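In: structure of the sequence below:
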Amino acid sequence: MTPTREHITGLLLAGGRGTRMGGVDKGLQTLRGRPLASHMLERLAPQTGALLVSANRHVDIYTRLGAPFGARVVADTLPDFPGPLAGLLAGLNNAETDYLLSTPCDTPRFPSDLAARLAEALELNAADIATAATVDTDGQISPHPVFALLRTSLADDLATFLHAGERKVRAWYARHKTVEVIFTDQRAFYNANSLQELADLERD
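Out: Residues are numbered from 1 along each chain as shown. Predicted coordinates for the structure are as follows:
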């Protein structure tokens, strides 16, 4: 059966160092007067049941931002900001549903049918993980691996992978049956990795 909204916990990944933004907390940078995290939660909430925010700094602020959406803040259990997989592990361990939908905190236009399309592909292919990708006019595929729907039963395997010192998202995905879903709107996945890119989003 294809997972529906009530079977999916949403996870906003906001626990990184923000190194390409000079070390600021990326999810708290403002777009049109509101933090990026707020824009993301607003877009994520209609697609999932419960919501989690992975954050390692400013937990009180993320708690306040998440409150209107019933989102709960969870922190990495591994030290020193080991990357998005640590946030994924926190989400997998705290989700009370069979599926987890993860998104980064800096892509406020991501598709409103992200969960539905990933869920359909996951079920159709009997996969463990479904991820998003886009294709340009030359046919070049650009993966967006942090936009992913995962079975929460993968938590123990991810913990083992991380405790072995591994950190690469796609290397962990390769251990499992993974399907890539192509979205045609490249602009939907435009993300603000730098302050300049955030300014570009503000003008657009």
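In: ok, the helix or strand harbouring Pro145: who's next to it in the sheet?
Out: Applying DSSP states H and E as the criterion places Pro145 in strand 141-151. Partner strands and pairing direction for strand 141-151 (DSSP bridges) are strand 99-104 (antiparallel), strand 129-135 (antiparallel).
In: so how far is the longest one from its chain's centroid?
Out: It refers to strand 129-135. Put simply, strand 129-135 sits 12 Å off its chain's centre (Cα atoms, centre = their mean, to the nearest Å).
In: likewise for stretch 121-139?
Out: Put simply, stretch 121-139 sits 15 Å off its chain's centre (Cα atoms, centre = their mean).
In: please enumerate the strands of the chain.
Out: 8-13, 30-31, 34-35, 51-54, 72-74, 99-104, 129-135, 141-151, 178-183 (DSSP state E).
In: mean pLDDT added to the ones you listed, as TSV?
Out: TSV is the format used below for the strands of the chain (pLDDT from 0 to 100):
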stretch	mean pLDDT
strand 8-13	98
strand 30-31	88
strand 34-35	94
strand 51-54	97
strand 72-74	97
strand 99-104	97
strand 129-135	97
strand 141-151	96
strand 178-183	97
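In: turn the ones you listed into CSV, columns for distance to Ile61.
Out: C-beta: built from backbone N, CA, C; applies to glycine. Output for those, formatted as CSV (distance: least, Cβ to Cβ, whole Å):
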stretch, distance to Ile61
strand 8-13, 13
strand 30-31, 12
strand 34-35, 8
strand 51-54, 10
strand 72-74, 9
strand 99-104, 18
strand 129-135, 28
strand 141-151, 22
strand 178-183, 31
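In: ranking those strands by burial, who's on top?
Out: Between those, the one whose residues have the most neighbours on average, counting mean count of other Cβ atoms under 10 Å, is strand 8-13 (a mean of 27).
In: distance from the chain centre to that one, please.
Out: Strand 8-13 sits 7 Å away from the centroid of its parent chain (Cα atoms, centre = their mean).
In: can you tell me what sits against it?
Out: 27, 37, 40-41, 44-45, 47-54, 71, 84, 87-88, 91, 95-97, 99-105, 115, 119, 146, 149, 152 (Cβ atoms under 8 Å, 6 or more residues apart in numbering).
In: give the contact list for the spatially most central residue of the chain.
Out: Among the residues of the chain, the one closest to the centroid is Thr103, at 1.7 Å (Cα atoms, centre = their mean). Shown in contact with Thr103 (Cβ under 8 Å, 6+ apart): Gly10, Leu11, Leu12, Leu13, Met40, Leu44, Phe110, Leu114, Val146, Phe147.
In: burial measure for the fifth one, as a count.
Out: When neighbours are defined as other Cβ atoms under 10 Å, Met40 has 26 of them.
In: any idea of the pLDDT on it?
Out: Turning to Met40, the model gives it a pLDDT of 96.
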